[in-house]
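Undergrad: Provided below for reference: sequence and predicted model.
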Amino acid sequence: MAENTSRGLFTLSGITGMLIATLLLLAILAFLVTKAIGVQRAEAKHFYDPAPIVNSLDNVKMISKDNAKYDLSKL
């Protein structure tokens, strides 16, 4: 069999490759974390209103044909 003589400590299959892969993963992590923080900051100003239908869900029955008159696209 032929012996693998192309191995080396500072080749892409050695320490250099491991460092490149680690730095790439850390860069992806940093990018995703900064995007997530940006989304959190933007959405903190538009918090969730749990009762968008006339600010009360008391007038909405669970099963009713009258529920069709509430237009949620205008909210």
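TA: Arrived safely, thanks for sending.
Undergrad: where in the protein is pLDDT low?
TA: For the chain, the stretches with pLDDT under 70 are 1-2, 4, 6-10, 48-64, 67, 70-75.
Undergrad: now the helices: where do they sit in it?
TA: Applying DSSP state H to the chain gives helices spanning 15-44.
Undergrad: tally of neighbours for Thr16?
TA: Residues contacting Thr16 under the criterion other CB atoms under 10 Å number 13. Where C-beta positions appear, they are placed from N, C-alpha and C, glycine not excepted.
Undergrad: typo on my end, it should be Thr11
TA: Count around Thr11 with other CB under 10 Å applied: 11.
Undergrad: next, the contact list for it, please.
TA: By CB atoms under 8 Å, 6 or more residues apart in numbering, the residues touching Thr11 are Gly17.
Undergrad: from Thr5, how far out is it?
TA: 12 Å (CB to CB, to the nearest Å).
Undergrad: same deal with Leu32?
TA: Taken as CB to CB, the span from Leu32 to Thr5 is 40 Å.
Undergrad: ok, Gly17 next?
TA: 18 Å.
Undergrad: the more surrounded of Leu32 and Thr5?
TA: Leu32 (10 against 6).
Undergrad: what's the separation between His46 and Thr11?
TA: For His46 relative to Thr11 (CB to CB), the value is 51 Å.
Undergrad: how about Ile20?
TA: The gap separating Ile20 from Thr11 is 11 Å, by CB to CB.
Undergrad: again with Leu24
TA: When Leu24 is compared with Thr11 (using CB to CB), they lie 17 Å apart.
Undergrad: mind checking the backbone torsions on Lys45?
TA: phi -80, psi -20 (degrees, to the nearest 10).
Undergrad: go on, Gly14?
TA: Note on Gly14: its backbone torsions stand at phi -110, psi -140 [degrees, to the nearest 10].
Undergrad: that one: neighbouring residues, count only.
TA: For Gly14, using other CB under 10 Å, the count is 12.
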